[in-house]
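Colleague: just coords:
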């Protein structure tokens, strides 16, 4: 029997963060692809605890404990890399995100920008901070994700007249490819490499 039938996720499908030579995030790729890049010499694995980099042979020699994410192979277990660094790429691809309902939900991480709840996409709405009836535009700067209750409470009124406050000022995002996952899906080990605005937790600088 195939231990990994079609449609079933494995460790090889988990995400790995890709850094350029300057340690700047440029992409997210499956562990499977990350290992291929390391095997071919296009990237090194970054030990997220020590920040040491390893080629494929060096990474094979790293010990793994029973709770570590690892891939079973005939020779034993290979630790699943969480971060890899490209050996010959120093660019930082950046692109403007198209304005859409899906992109807006992604920018606000599927979270109501008034009360902070996450009831699920089907129970979230889009609110115009300045109501359209008062000249508000449908734009990145004037639209936020809101739960149905907060949207109904706000109605057609300005925020200054009711007890609602935005969690953060809405703005057009500039997403790099590494943001092709919701922030809630990022691994904790990535935080030391990500922009401060996208971090889930505060971390100390390496060595400090």
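Modeller: Perfect, thanks for sending it. Note that this is a predicted model, so its numbers are computed, not measured.
Colleague: what stretches of the protein score poorly on pLDDT?
Modeller: Within the chain, the stretches with pLDDT under 70 are 1-8, 65-67, 94-95, 174-183, 195-208.
Colleague: would you map out the domains in it?
Modeller: The record's domain split for the chain, according to automatic domain parsing, is 11-93+177-198, 98-161.
Colleague: dump those to a markdown table, plus distance to residue 171 and mean neighbour count.
Modeller: The C-beta positions use only the backbone N, C-alpha and C, and glycine is treated the same way. Formatted as a markdown table, the domains of the chain follow (distance: least, CB to CB, whole Å; neighbours: other CB atoms under 10 Å):
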| stretch | distance to residue 171 | mean neighbour count |
| --- | --- | --- |
| domain 11-93+177-198 | 10 | 16 |
| domain 98-161 | 6 | 15 |
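Colleague: of all these, which one is nearest residue 169?
Modeller: The minimum distance between residue 169 and those falls on domain 98-161, with 8.3 Å, by CB to CB.
Colleague: distance between the closest one and the chain's centre?
Modeller: Distance of domain 98-161 from its chain centroid, counting by CA atoms, centre = their mean, to the nearest Å, is 21 Å.
Colleague: first to last residue in it, what's the distance?
Modeller: Across domain 98-161, the terminal residues are separated by 32 Å (CA to CA, to the nearest Å).
Colleague: kindly report the same for stretch 147-160.
Modeller: When the termini of stretch 147-160 are compared using CA to CA, they are 19 Å apart.
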